[in-house]
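K.L.:
kindly return the folded structure for what I paste below:
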Amino acid sequence: MTALIPLCTLDEIPEGSSRGFVQGDLKLLVVKQQDKIVVYRNACPHLGIPLEWVEHQFLDSSGTMIQCANHGALFVIDSGKCVAGPCAGRKLEAIPFRIDDNQLSIIRS
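P.N.:
Numbering: from 1, shown residues only. Next comes the predicted model:
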C-alpha cells in the first residue's frame, strides 16, 4: 500500500536552501534550487549518520553542493552522488515525492 506523507508547502523552503525533516524513524533532507526540489534520506553513505551539525544546514558554503558536516564529503544536489570524501562514488538515497497544490509529500510504500 502506498501512502502520501505531507512534509511542508514549497513556500516553507526558501529558494537556494535546504531543510531537514523527521517522519517517524525516517530522517530526510530537502533542497530547493532553481525551483527544483530533491529529497534524500538524511544519512551519509559512509557511516549512516545525519549530514548536518546545525539544523537545516545541508549545503556547503557556496550553496551548490550537499555537504556532510562530519567528513566534508560533497554530494551533487541533482543526483546525490558523492564527488569528494570517504564515500566518493556512492550516492545519497533518493526518496520518492510528489508535489500537489504547492504541498510537498513523500511517497511511502
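K.L.:
in three-state terms, label D11 for me.
P.N.:
Assigned by DSSP: H, G, I helix; E, B strand; the rest coil, the conformation of D11 is helix.
K.L.:
surely it meets N102?
P.N.:
Yes - contact status for D11 versus N102: in contact at 6.7 Å, counting by Cβ atoms under 8 Å. C-beta coordinates here come from the backbone N, C-alpha and C atoms, glycine included.
K.L.:
do I have it right that M1 meets I107?
P.N.:
No - using Cβ under 8 Å, M1 is not in contact with I107; the gap is 11.3 Å.
K.L.:
more neighbours: which of those two?
P.N.:
I107 (13 against 4; other Cβ atoms under 10 Å).
K.L.:
using the three-state scheme, assign that one.
P.N.:
Following three-state DSSP, I107 is assigned to strand.
K.L.:
what sits against it?
P.N.:
Contact analysis of I107 by Cβ atoms under 8 Å, 6 or more residues apart in numbering lists 2-5, 95-98.
K.L.:
and for K36?
P.N.:
For K36, the contacting residues are D78, by Cβ under 8 Å, 6+ apart.
K.L.:
same thing with the one 5 residues further on?
P.N.:
Each residue near R41 by Cβ under 8 Å, 6+ apart is listed here: 26-29, 92-93, 95.
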